[in-house]
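Trainee: pasting a predicted model and its sequence here:
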Amino acid sequence: MIRIITAVVATVALTSFYAAGPSLAASCKEEAAKRKLAGAAMTSFMSKCEREAQEACDTKAGSQKLAGAAKTSFTKKCVTEAVGG
């Protein structure tokens, strides 16, 4: 059972990697640096950006009909890339 789940997660990760291609949008950290944000403004911007990334990634995972561990793995990777971590 664990081998099946691992295989599904790996397949989904590779598929999403090749389907996504290079990211055209700047990450949250890059955008904050470009805007020269610091202190409370940076904290606020990063929080908002991370929330929006989470929502967008959840939507993507839903459209790909992911569930369970595959959805969690996909969403975590997607948000990390969007935030720039």
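Mentor: Sure, I can see it. Numbers count the residues shown, from 1 in each chain.

Trainee: where does the chain have low pLDDT?
Mentor: Scanning the chain with the threshold set as pLDDT under 70 gives 1-25.

Trainee: can you show me the helices along it?
Mentor: Secondary structure of the chain (DSSP state H): helices located at 2-20, 28-35, 39-63, 68-83.

Trainee: with mean neighbour count added, can I get those helices in JSON lines?
Mentor: Quick note: C-beta positions are derived from backbone N, CA and C, even for glycine. Below are these laid out as JSON lines (neighbours: other Cβ atoms under 10 Å):
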{"stretch": "helix 2-20", "mean neighbour count": "12"}
{"stretch": "helix 28-35", "mean neighbour count": "14"}
{"stretch": "helix 39-63", "mean neighbour count": "14"}
{"stretch": "helix 68-83", "mean neighbour count": "16"}
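
Trainee: and Leu66, how many residues sit next to it?
Mentor: Residues near Leu66, counting by other Cβ atoms under 10 Å, number 20.
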